[in-house]
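A.B. asks: Just the structure for this:
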Amino acid sequence: MANDLNLLRNIGISAHIDSGKTTLTERILFYTGRINAIHEVRGKDGVGAKMDSMDLEREKGITIQSAATFTSWGKYNINIIDTPGHVDFTIEVERALRVLDGAILVLCSVSGVQSQSITVDRQMKRYNVPCIAFVNKCDRSGADPLRVCEQLRTDLGHNSVMIQHPIGLEDKHNGIVDLLKMKAYYFDGESGEDIREEAIPADLADVCKVQRDKLLEALADFDDELAMLFLEGEEIPEAMLLETLRKATFSRKFTPVCCGSAYKNKGVQKLLDKICEILPSPLEMDYRALDQNNEEAEVLLQPRADLPLTMLAFKLEDGRYGQLTYCRVYQGKLEKGDTIFNCVNQKKNKVGRLVQMHSNEMSDIDYAQAGDIVALFGIDCASGDTFTDGNVKYTMTSMYVPDPVVTLAVEPKKKEGLANFSKAINRFSKEDPTFRVHRDDESNQTIIGGMGELHLEVYIERIRREYGVEVEVGAPQVAYREAITKHAEFNYTHKKQTGGSGQFARVAGYLEPTEEDGEVYEFLNKVVGGVIPKEYQSSCDKGFQQAMVEGGLIGFPVVGLRACINDGSSHQVDSSDMAFQLASRMAFRECYMKCAPVILEPIMKVTVDTPEEFSGTVLGTLNKRRGVILGNANKNGLASVEAEVPLSEMFGYSNELRSGSQGKAEFSMEFKKYGPVPRNIQDELVKEYQAKRNAGR
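C.D. replies: This is a model prediction of the structure:
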């Protein structure tokens, strides 16, 4: 635990998939003495990186869950959260950045700014998190950190400037130049642990001078005294440079860019130095809460132990000992045995066990103070809940949770697995706000929704491994609708005599489509002269609504219909509420096919963001799926394609899009409207429905 908050850094490591985040974290843990040996993400030793503790992560070679750890570098204490790079697990990045003071944006020196880099940058902006960019993989063929620094400017709008320069690239990469100190650093030894400081190589002296001048020129905008010294050609003290660099980075108006190769053990220790020197401590951040006792007035939180406790639960996990709740303490102090108050569900909880996490390992601690990231056991809460000591009633603003874009129908293969299946989906939906579960009343299926097919595949695999339940997966039944397109009249008599009082009702009128989009049903009563007694006129309305629940084409609800009754007759004894309901239902069914019904399908508004070179491929994939292109805008090398596509055609799209764009394109979709299906597809759907009915299903 850090006693001096000036020496505490809470950082996240975020990037596009395969940029080397977890590899970088592994090196940080090794150089800071937190682990004794380096293991690779897809290493031959089968151990895997420390932060990828889940078996699935080690098998797939990707990070699925964000993982927290703590370490120290010199006099500084550092809390680190390693986050996934895959767009499907974006909520893990979202909630990590919500509670961090600074971040490392890792970029590949070959691929540069990629689609998830853009998403991560958007998330950092949302929570106002200052960042340092680290251009990784400088040992790779085609590496160009200066081009990536320029991409940060053009694609993401950063005021990005190199504060380090690579010594050699590709297979000749063996160190970095610190442009603040103007010294060269080489990383010797088996794992790059021996740092050698030397003068800048002669062949790099001129380019490093140019890069340093660019840095000084950029920093001159943030400090008048530094600007004067720079213009007069005077030597600028390193302390002044560093202080101005920190101030500029905090404001998010400046992004320092470091470089190196985590896999080849180059530049990581110098990145650690910059993390400690540049990124803010909890004392330098501006965090606010809403006072529920004062009409949600904003309150500035101060990281002091003598103020009332304010703490945010940002992540839940079902551990071996029950629910594990990850929390960030913003104000006050928390001790083992304290009673804390949940300001959202109004419940009190006793803190029985308090731990610091090191991936999937725990270290018990007795207390936590402002600035710390800790975990608690046995606390009943949801992700995003705020805890206090009961003296104040503050709530932190909630994090952004995107809506699911892909859904699947799931059920256990065997009935005996139902209890464990229910436990699993309840647990996962509580842990992950983007994993949604609901029961579809129309198709009677359990539908799970998530951020992509990989996201849902991972949960299905976890249900199998962790709960021993084999799951049957199918595309969900699309929620079709039926509608009529023509006016048609009906005149139906319901007559039934079975001894004693019988049933009699006659209804006449017409069915027609409504003019307004979105109007599901309208009932017109034009009966005059009491031919249908007043008490039975509403029965006709009920009968029509019951009949609309199941259309005559494929059994889906009917929408956009106006039903009118204008004539009828009744019997003094045999007419009843039920008789008129039945007469209306049968009149509807008899008249329905005369109204030329059609099947409507949900049409989604789809937005695809892709690098320009793949826009042709994207347009092709959308056209192939019956998409109607609405617009195609290009900006900063990125194309944004908008289209309307039937939901039934969108299944499997995320995999097709990623494979067609080298994983660089991403899409979002939302419901737009219902539209008629093409005639050939309608005929197929009707034929399938009739076959099912004939088979008695």
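A.B. asks: Determine the three-state secondary structure at the nearest residue to P678 once chain neighbours are set aside.
C.D. replies: Nearest residue to P678, sequence neighbours excluded (Cβ to Cβ, 6 or more residues apart in numbering): R626, at 7.7 Å. Bear in mind the C-beta positions are built from the backbone N, C-alpha and C, glycine included. Counting by DSSP: H, G, I helix; E, B strand; the rest coil, the backbone at R626 sits in coil.
A.B. asks: I'd say R626 and V645 touch.
C.D. replies: Yes. Counting by Cβ atoms under 8 Å, R626 does reach V645; the two are 6.6 Å apart.
A.B. asks: more neighbours, the two?
C.D. replies: V645 (23 against 17; other Cβ atoms under 10 Å).
A.B. asks: Going by secondary structure, the more buried one is in what exactly?
C.D. replies: strand 638-646 (DSSP states H and E).
A.B. asks: Could I get the full set of helices for the stretch 401-550 of the chain?
C.D. replies: 418-431, 453-467, 534-548 (DSSP state H, counting those that start in this stretch).
A.B. asks: got it, and the stretch 51-200 of the chain?
C.D. replies: With DSSP H, counting those that start in this stretch as the criterion, the stretch 51-200 of the chain has helices spanning 55-60, 90-98, 115-126, 145-156.
A.B. asks: Tell me which of the ones you listed sits most buried.
C.D. replies: helix 90-98 (a mean of 25; mean count of other Cβ atoms under 10 Å).
A.B. asks: which other helices and strands contact that helix?
C.D. replies: strand 8-15, helix 115-126, strand 310-319 (3 or more Cβ pairs under 8 Å, 6 or more residues apart in numbering; DSSP states H and E).
A.B. asks: I'd like the ones you listed as CSV, with distance to Q537 appended.
C.D. replies: Shown next, in CSV, are those (distance: least, Cβ to Cβ, whole Å):
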stretch, distance to Q537
strand 8-15, 64
helix 115-126, 56
strand 310-319, 54
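A.B. asks: Quick check: which of these is nearest to E234?
C.D. replies: strand 8-15 (32.1 Å; Cβ to Cβ).
A.B. asks: Now do the next helix or strand after the closest one, average pLDDT.
C.D. replies: Later in the chain than strand 8-15, the nearest helix or strand by DSSP H and E is helix 21-31. Mean pLDDT, computed over helix 21-31, is 85.
A.B. asks: Next, the buried residues of helix 21-31.
C.D. replies: K21, T22, T23, L24, T25, E26, R27, I28, L29, F30, Y31 (16 or more other Cβ atoms under 10 Å).
A.B. asks: I'd like to check the angle between it and strand 8-15, please.
C.D. replies: 150 degrees (axes from the mean of the first three to the mean of the last three Cα atoms, to 10 degrees).
A.B. asks: Which neighbouring elements make contact with helix 21-31?
C.D. replies: strand 8-15, strand 67-73, strand 76-82, strand 102-108, strand 131-136, helix 268-278.
A.B. asks: So for the longest strand anywhere in the chain, what gets flagged as buried?
C.D. replies: Scanning the chain for the strand with the most residues, using DSSP state E, yields strand 598-611. By neighbour count on 16+ other Cβ under 10 Å, the buried set for strand 598-611 is V598, I599, L600, E601, P602, I603, M604, V606, V608, D609, T610, P611.
A.B. asks: One more: stretch 282-302?
C.D. replies: P282, E284, M285, Y287, A289, L290, Q292, V299, L301.
A.B. asks: which residues touch the fourth one?
C.D. replies: Spelled out, it's Y287. L300, L301, Y330, M396 (Cβ atoms under 8 Å, 6 or more residues apart in numbering).
A.B. asks: and the gap between it and P280?
C.D. replies: 11 Å (Cβ to Cβ, to the nearest Å).
A.B. asks: okay, and the common contacts of those two?
C.D. replies: Counting by Cβ under 8 Å, 6+ apart, nothing touches both Y287 and P280.
A.B. asks: coming back round to it: gap between the residue nearest to P678 and E644?
C.D. replies: Counting by Cβ to Cβ, the gap from R626 to E644 is 9 Å.
A.B. asks: With D155 instead?
C.D. replies: 28 Å.
A.B. asks: again, but for C258
C.D. replies: Distance from C258 to E644, by Cβ to Cβ: 44 Å.
A.B. asks: Which members of the buried residues of stretch 282-302 are positioned in strands?
C.D. replies: Short answer: the buried residues of stretch 282-302 in strands (DSSP E) are Y287, A289, L290, V299, L301.
A.B. asks: Farthest-apart pair in those residues, please.
C.D. replies: Y287 and L290 (11.8 Å).
A.B. asks: what residues do the two have in common as contacts?
C.D. replies: With Cβ under 8 Å, 6+ apart as the test, Y287 and L290 both reach M396.
A.B. asks: Kindly state the beta-bridge partners for L408.
C.D. replies: Note on L408: beta-bridge partners I448, judged by DSSP bridges.
A.B. asks: hang on, it packs against V473?
C.D. replies: Yes. If you go by Cβ under 8 Å, L408 and V473 touch, sitting 5.6 Å apart.
A.B. asks: More neighbours: the two, which one.
C.D. replies: Shown here are L408 and V473; by other Cβ under 10 Å, L408 has more neighbours (21 against 12).
A.B. asks: can you give me the helices in the stretch 551-697 of the chain?
C.D. replies: Counting by DSSP H, counting those that start in this stretch, the helices of the stretch 551-697 of the chain are 577-592, 615-624, 653-660, 679-694.
A.B. asks: looking at these, which one has the lowest mean pLDDT?
C.D. replies: helix 653-660 (a mean of 83).
A.B. asks: Determine the set of other helices and strands touching that one.
C.D. replies: Secondary elements touching helix 653-660 (3+ Cβ pairs under 8 Å, 6+ apart): helix 453-467, helix 615-624, strand 666-676.
A.B. asks: Now with 7 Å, please.
C.D. replies: Helix 653-660 is packed against helix 615-624, with contacts defined by 3 or more Cβ pairs under 7 Å, 6 or more residues apart in numbering; DSSP states H and E.
A.B. asks: Could you measure from H494 over to Q503?
C.D. replies: 6 Å.
A.B. asks: and for these two, which residues touch both?
C.D. replies: The contact sets of H494 and Q503 overlap at A579 (Cβ atoms under 7 Å, 6 or more residues apart in numbering).
A.B. asks: between the two, who's got more neighbours?
C.D. replies: The neighbour count for H494 versus Q503, taken as other Cβ under 10 Å, is higher for H494 (22 against 18).
A.B. asks: Give me the helix or strand of this structure that scores worst on average pLDDT.
C.D. replies: One helix or strand of the chain scores below all others by mean pLDDT, DSSP states H and E: helix 55-60, with a mean of 52.
A.B. asks: so what's the closest residue in space to D286 that isn't next to it in sequence scoring on pLDDT?
C.D. replies: Nearest non-adjacent residue to D286, counting by Cβ to Cβ, 6+ apart: L300, 7.1 Å away. Per-residue confidence at L300 stands at 87 (pLDDT).
A.B. asks: related to what we said a few turns ago, what's the closest of the helices of the stretch 51-200 of the chain to Y674?
C.D. replies: Of those, nearest to Y674 by Cβ to Cβ is helix 90-98, at 29.2 Å.
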